[in-house]
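Trainee: What shape does this take:
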Amino acid sequence: MSNEAALIEAAKKGSATAFANLVHGYREGLLRFLVTRSSSYADAEDALQDTLINAYRYLHSYDSRWRFSTWLYRIAINNAARLRSADTVELGDLRDDESDPLAYCIAASDRENLWQCARRQLSDEVYTAMWLRYVEDMSVNDISAVLERSASWTKVNLMRGRKTLDAELNKDATDDKSKAYG
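Mentor: Reported below is the predicted structural model:
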């Protein structure tokens, strides 16, 4: 039995110390993930706290066929979705000079990073799949479990997400070259 499995069993039996040791290694990654899905750092911290509370409360429902991290990220996604539903910004809410989210994102590149741009360009599920793959280094199967989608869906949408971002970034570079030679 692995150390993680032993901690899960002890936590299921009521050991708060075992649970704290179990989730300690996941806190930083979960917070980093939640920051990209929340309107503020404070909201991300709230979502993290809710995630850990829910994980402790519902630990009895954890199925050991899945990785523990997959189960935690599923809870985090649900908590972030509840927070975001009140904070969702529609394209119509952007100022006129921000009506093209990619153009705005690129123009504000000093203030924003690639993941914030991706957040605006991709659907929630595709963004989440890409984040879990390229930041959290999860396997396609684990991502599929977190998102409750098939492995095929995950592979296709990872590819589509990469192509979308690549096309948008190359479009900007092409536009810059046209302006220089035009």
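
Trainee: Compute the distance between Asp124 and Tyr58, please.
Mentor: Asp124 sits 23 Å away from Tyr58, taking CB to CB, to the nearest Å as the criterion. For every residue, glycine as well, the C-beta is placed using N, CA and C.

Trainee: correction: Leu22
Mentor: 14 Å.

Trainee: if you count what's nearby, which of those two comes out ahead?
Mentor: Looking at Leu22 and Tyr58 with other CB atoms under 10 Å, you find the greater number of neighbours at Leu22, namely 23 against 11.

Trainee: which residues touch the helix or strand encompassing that one?
Mentor: If you go by DSSP states H and E, Leu22 is part of helix 16-24. Applying CB atoms under 8 Å, 6 or more residues apart in numbering, the contact partners of helix 16-24 are Glu4, Ala6, Leu7, Ile8, Ala10, Ala11, Leu52, Ala55, Tyr56, Leu59, Phe68, Leu72.

Trainee: what's the following helix or strand after that helix?
Mentor: Assigned by DSSP H and E, the successor of helix 16-24 is helix 27-35.

Trainee: so which strand or helix has the closest residue to Asp124 other than its chain neighbours?
Mentor: The shortest distance from Asp124 to any residue other than its chain neighbours is 7.6 Å, reached at Ala81 (CB to CB, 6 or more residues apart in numbering). The secondary structure element spanning Ala81 is helix 68-87 (assigned by DSSP H and E).

Trainee: Pull the distance from stretch 136-147 to the chain's centre.
Mentor: 11 Å (CA atoms, centre = their mean, to the nearest Å).

Trainee: okay, which residue is most central for the chain?
Mentor: Thr128 (4.1 Å; CA atoms, centre = their mean).

Trainee: Show me which residues of the helix or strand encompassing it are buried.
Mentor: Using DSSP H and E, Thr128 maps to helix 124-134. Neighbour-count burial for helix 124-134 flags Glu125, Val126, Tyr127, Thr128, Ala129, Met130, Trp131, Leu132, Arg133 (criterion: 16 or more other CB atoms under 10 Å).

Trainee: Does the helix or strand sitting right after that helix along the chain pack against any helices or strands, and if so which?
Mentor: Using DSSP H and E, the helix or strand that follows helix 124-134 towards the C-terminus is helix 140-147. Judged by 3 or more CB pairs under 8 Å, 6 or more residues apart in numbering; DSSP states H and E, the packing partners of helix 140-147 are helix 68-87, helix 124-134, helix 151-181.
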